[in-house]
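Student: Could you look at this predicted model? Sequence included:
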Amino acid sequence: MRGSAIRPDHSGRPAARGLYQIRSLRRKCRLRRRFLLCACGIMTTRQRNYKKETEYRMTEQHTKQERLNKYLADCGICSRREADRMIEAGRVTVNGRPADMGLRIGPADEVAVDGRVLERKDKKVVLAFYKPVGVTCTEKDRFAEKTIRDVVDYPVRVTYAGRLDKDSEGLLLLTNDGELINALMRAANFHEKEYLVRVNRPVTEAFLQKMAEGVFLKDLNVQTRPCPVEQEGKFVFRIVLTQGLNRQIRRMCRALGYDAQGIKRVRVANITLGRLKPGNYRVVEGEELKELYRIARGEGAGAEARAWR
């Protein structure tokens, strides 16, 4: 080949033997180039494509993973915020080892809380529960006489979306959908919660006006949001809140010289207490459930609450 010429045929194209020699030369050049690139630490196009494909597969596997606190919320254990507290307290293990904050887990990982292995519940359920007075909204409290776990007997583990204090009664939403819990408990979403409140003194127009305009709570150093308030009886009024401050109604009444002797929640978003009796629950389903999810996403009837900002 060296020193020889490649003669074209009558059509002007190289002869068959010449084509073979050209291809052989190109093959040798590619091998030499690949050898030199490898010696210099430079990847070839094929190697670069293989690396991209490998990285894509790893990324695809990574996308199947999720944060541990989200997994706990999806299992219906608690909200994400409470899940973070449980992880910090060392109550959560992954594959037998204590979990760290921000840990991501995959489908093959085994997650346990207080030594009990969890199983994800794919089917979401929402319950409307009438919490009686004297029941504490907590998962585990050795000092509580009665907890939600003691009074709600349901085959799927559910947790509450928004607390009611021990001395209050009324509607409590229970679900195993962690995303719904987060959406309903986020104050920035302005989801409505309606209450009937009985106080120790006759309700006056001045009192209703101040409650509607918002009350400054010194112990929390916060001004409550303006809200709809109307009188229902001599000692009873109705109020619709879009906040979730700790013992908010009791603090508001106390700031105005009143004492809230009875608080009953009758509505959360579009879910009403209806004819439920204390200690009983019903499954939320159908159009009522769809509307609840629309409101949780900020698409439904809860939008009018924003007018009270």
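Tutor: It's in. Residues are numbered from 1 along each chain as shown.
Student: Check the secondary structure at the residue nearest in space to the middle of the chain for me.
Tutor: What sits nearest the mean C-alpha location of the chain, by CA atoms, centre = their mean, is residue 179, with 3.0 Å. Counting by DSSP: H, G, I helix; E, B strand; the rest coil, the backbone at residue 179 sits in helix.
Student: Next: residue 170.
Tutor: Following three-state DSSP, residue 170 is assigned to strand.
Student: Residue 289 now?
Tutor: helix.
Student: List the beta-bridge partners for the closest residue to it other than its chain neighbours.
Tutor: In space, residue 289 comes closest to residue 126 once its chain neighbours are excluded; the distance is 6.1 Å by CB to CB, 6 or more residues apart in numbering. Where you see a C-beta, it was placed from the backbone N, CA and C, and this is true even at glycine. Residue 126 forms beta bridges with residue 175, as assigned by DSSP bridges.
Student: Can you get me a residue count around residue 247?
Tutor: Look at residue 247: counted by other CB atoms under 10 Å, it has 17 neighbours.
Student: So it is in contact with residue 165, correct?
Tutor: Yes - Residue 247 lies in contact with residue 165 (CB atoms under 8 Å); the separation is 5.8 Å.
Student: Test my guess that the residue nearest to residue 289 contacts residue 172.
Tutor: No - with contact defined as CB under 8 Å, residue 126 does not reach residue 172; the gap is 11.3 Å.
Student: Which of those two has more residues huddled nearby?
Tutor: Higher neighbour count among residue 126 and residue 172: residue 172, with 24 against 21, using other CB under 10 Å.
Student: low-confidence ranges in the stretch 51-200 of the chain?
Tutor: Within the stretch 51-200 of the chain, the stretches with pLDDT under 70 are 51-64, 119-122, 139-141, 187-188.
Student: Send me the longest strand along the chain as PDB with only the CA atoms.
Tutor: Ranked by number of residues, the top strand in the chain under DSSP state E is strand 260-268. Taking Å, rounded to 0.1, in the frame of the first residue of the first chain, the C-alpha atoms of strand 260-268 are listed here in PDB:
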ATOM      1  CA  ALA A 260     -64.600  30.700  75.800                       C
ATOM      2  CA  GLN A 261     -66.400  28.000  77.700                       C
ATOM      3  CA  GLY A 262     -67.200  25.800  74.700                       C
ATOM      4  CA  ILE A 263     -65.800  25.500  71.200                       C
ATOM      5  CA  LYS A 264     -67.300  23.300  68.500                       C
ATOM      6  CA  ARG A 265     -65.800  23.000  65.000                       C
ATOM      7  CA  VAL A 266     -68.500  22.500  62.400                       C
ATOM      8  CA  ARG A 267     -66.700  22.800  59.100                       C
ATOM      9  CA  VAL A 268     -63.300  22.400  57.500                       C
END
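Student: where does the residue nearest to residue 230 when sequence neighbours are not counted land in three-state SS?
Tutor: Leaving aside its sequence neighbours, residue 230 sits nearest to residue 238 (CB to CB, 6+ apart; 5.2 Å). Under three-state DSSP, residue 238 falls in the strand class.
Student: What is the burial count for residue 238?
Tutor: Neighbour tally, residue 238, other CB under 10 Å: 17.
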